[in-house]
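I'd like to go over a predicted model; first the sequence, then the structure.
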Amino acid sequence: MTSLALTPGEVEETLSVKCNGLSFGGLLGETRRIASEIAAAHAPEVDAQARFPAETVAALRDAGVLSAAVPRAQGGAGCSLAELAQLCATLSQACGSSGMVLAMHFIQVGCVARHAQGSEFFRGYLRDLVAHQYLLASMTSEVGTYGDTRSSICAVESGGGRFVLNKDATTGSYCAQADAILVTCRRDKDAAASDQVLVLVRREDCTLTQTTTWDTLGMRGTASPGFRLESSGAGQQIVPGSYADSSAQTMVPYSHILWSALWSGIAADAVAKAATFVRGQARQNPGTVPPTATRLAEVSMQLQNMKQNWQSAAQAFDAIGAGAVEREELSSMAWALRLNNLKISCSEAAPQIVHRALQIVGILGYKNDSPFSLGRQYRDCLSASLMIANDRIAAKNASMLLVFKDAP
Ligand SMILES: Cc1cc2nc3c(=O)[nH]c(=O)nc-3n(C[C@H](O)[C@H](O)[C@H](O)COP(=O)(O)OP(=O)(O)OC[C@H]3O[C@@H](n4cnc5c(N)ncnc54)[C@H](O)[C@@H]3O)c2cc1C
């Protein structure tokens, strides 16, 4: 008689399918399809016009990918960080800006999912996010704080169960297109610059006045000009606890791992073009190995190192429980150093890899109108070291290493 008992893997699968229709495998398949059929087709125009990749995000929404980071308890797919990173890397092989939008959205969902589970309002919000596939944006930057995400000038004013929050942000990716924005600010008007909270601002409850343009070298589709935000809402939209914790335990690990993954996706796209080029050369002279094949072997090693760097960090992160006590480990210097090193090393590796791919392909990679063009990939990667300046991160590492004695 055949046993009807489900294996642990099948139980997991059934649970996931019940929760949002797709398991991680299903979401990855959908993301691959969207990358090749939609994101790749629109990437040149998104880049040329510096416009939001609306078609790609609409397709991600239709496929349920926007709720991949929502826990199963709220109806999401409950993907691990390693799985979310895989989705971002996959999409960015077709369009770096789309990969960055997806990564930034997952970072915000992660902050809510991991730090607001004690709030009935936020549990309901996550269920609504699954149902409506809301897109979340982020506003950490501020005029006058000079790229230091751990200090704010603006403060949330609370009273009578409501809040008022106004902020002048230097950079706000796809804020105009998002359903809500997670905004950092001081806890109240008397709080220190580093005593911050995160506030969920609904798009319909705010006015966004664009203050600068977004005509950049790369990542043009993230549509990230400066904005003056004026907002209000219910007091329960303030994420419980302190941003110091959600930053160290979620925002920084999610950002540095998901960004590294998407940068590796852009680099992988460049290496794939170089590989196609080299194979074409080999076909022209059967029986010989073209000199560019040696360069291809070298760059594929660098790409593999980059991938393994973020994959191992994601696996180590996923091995730590999501509970408040287990998460404390992520506030340690050892983790801060590991994540900072990951960010610096992957942000430096990505443009180097694209540069090496360009040396392999030559003039066809330099031309904007060739199928081997590497211009967009190169320009997109140049943002990596600036997006939270590497010098700023290195300075933090330098001061931690004065007191941190264990090997990181
Ligand atoms: C593609 C992209 C999308 C973005 N999206 C968003 C978004 O959605 N929301 C948001 O809020 N922000 C966003 N940002 C902004 C980002 O969060 C940072 O605020 C911004 O990249 C930092 O800008 P900065 O170079 O002026 O800042 P700074 O960090 O002040 O750097 C300025 C200069 O000072 C140097 N420097 C700084 N500190 C030190 C130090 N300690 N030692 C030595 N040199 C130092 C840096 O190397 C740099 O040359 C985005 C940025 C990019 C590139």
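Okay, I see it.

helix, strand, or coil at the closest residue to the ligand within the stretch 101-250 of the chain?
The minimum distance from the stretch 101-250 of the chain to the ligand, using Cβ to the nearest ligand atom, falls at Gly147 (2.3 Å). C-beta here means a position set from N, CA and C on the backbone, and glycine is covered the same way. Under DSSP: H, G, I helix; E, B strand; the rest coil, Gly147 falls in the coil class.

quick check: closest non-adjacent residue to Ser151.
Ala193 (4.0 Å; Cβ to Cβ, 6 or more residues apart in numbering).

now do the contacts for that neighbour.
By Cβ atoms under 8 Å, 6 or more residues apart in numbering, Ala193 lies in contact with Thr145, Ser151, Ser152, Ile153, Arg186.

just the buried ones from those?
Thr145, Ser151, Ser152, Arg186 (16 or more other Cβ atoms under 10 Å).

which one of those sits closest to Lys367?
Distance to Lys367 across the buried ones among the contacts of Ala193 (Cβ to Cβ) is lowest for Thr145, with 41.0 Å.

so how far is Thr171 from the closest one?
With the distance defined as Cβ to Cβ, to the nearest Å, Thr145 ends up 12 Å from Thr171.

next: Gly233.
Counting by Cβ to Cβ, the gap between Gly233 and Thr171 amounts to 22 Å.

could you do Ala394 as well?
21 Å.

higher neighbour count, the two?
Comparing Ala394 with Thr171 by other Cβ atoms under 10 Å, the one with more neighbours is Thr171, at 20 against 12.

got the domain ranges for the chain?
The chain is divided into the following domains under automatic domain parsing: 17-134, 137-237, 243-401.

could you confirm whether the last one reaches the ligand?
Yes: remark: domain 243-401 sits within contact range of the ligand at Ser383, Leu386, Met387, Ile388, Ala389, Asp391, Arg392, Ala395, by Cβ under 6 Å from any ligand atom.

list the contacts of the fifth one.
Translated: Ala389. Residues in contact with Ala389, defined by Cβ under 8 Å, 6+ apart, are Gly147.

helices of the stretch 51-200 of the chain, residue ranges please.
For the stretch 51-200 of the chain, applying DSSP state H, counting those that start in this stretch gives helices covering 54-62, 81-92, 96-115, 120-132.

could you do the stretch 301-408 of the chain as well?
Secondary structure of the stretch 301-408 of the chain by DSSP H, counting those that start in this stretch: the helices cover 324-327, 333-361, 363-366, 375-381, 390-401.

columns distance to Gln311 and mean pLDDT on top of these, output as TSV?
Listed next are these as TSV, based on distance: least, Cβ to Cβ, whole Å; pLDDT from 0 to 100:
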stretch	distance to Gln311	mean pLDDT
helix 324-327	21	91
helix 333-361	11	98
helix 363-366	27	98
helix 375-381	19	98
helix 390-401	21	97
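
surely Leu296 is in contact with Ile360?
Yes: at 5.9 Å, Leu296 counts as touching Ile360 under the criterion of Cβ atoms under 8 Å.

so how far is Gly26 from the residue nearest the centre of the chain?
Centroid-nearest residue in the chain, with Cα atoms, centre = their mean: Ala103, separated by 2.2 Å. Per Cβ to Cβ, Ala103 is found 20 Å from Gly26.

ok, now Ser98?
19 Å.

so those two - more neighbours on which side?
Shown here are Ser98 and Gly26; by other Cβ under 10 Å, Ser98 has more neighbours (30 against 18).

and the contacts of Ala193, which of them are in strands?
Arg186 (DSSP state E).

per-residue confidence for the nearest residue to the residue nearest to the centre of the chain once chain neighbours are set aside?
Closest residue to Ala103 apart from its sequence neighbours, by Cβ to Cβ, 6+ apart: Leu258 at 3.9 Å. Per-residue pLDDT puts Leu258 at 98.

tell me, how many neighbours does Leu258 end up with?
When neighbours are counted by other Cβ under 10 Å, Leu258 registers 28.

wait, doesn't it sit right on His105?
No: using Cβ under 8 Å, Leu258 is not in contact with His105, being 9.7 Å away.

which other helices and strands does whichever strand or helix holds Thr294 contact?
For Thr294, the host element (DSSP states H and E) is helix 292-318. With contacts taken as 3 or more Cβ pairs under 8 Å, 6 or more residues apart in numbering; DSSP states H and E, helix 292-318 sits against helix 81-92, helix 252-284, helix 333-361.
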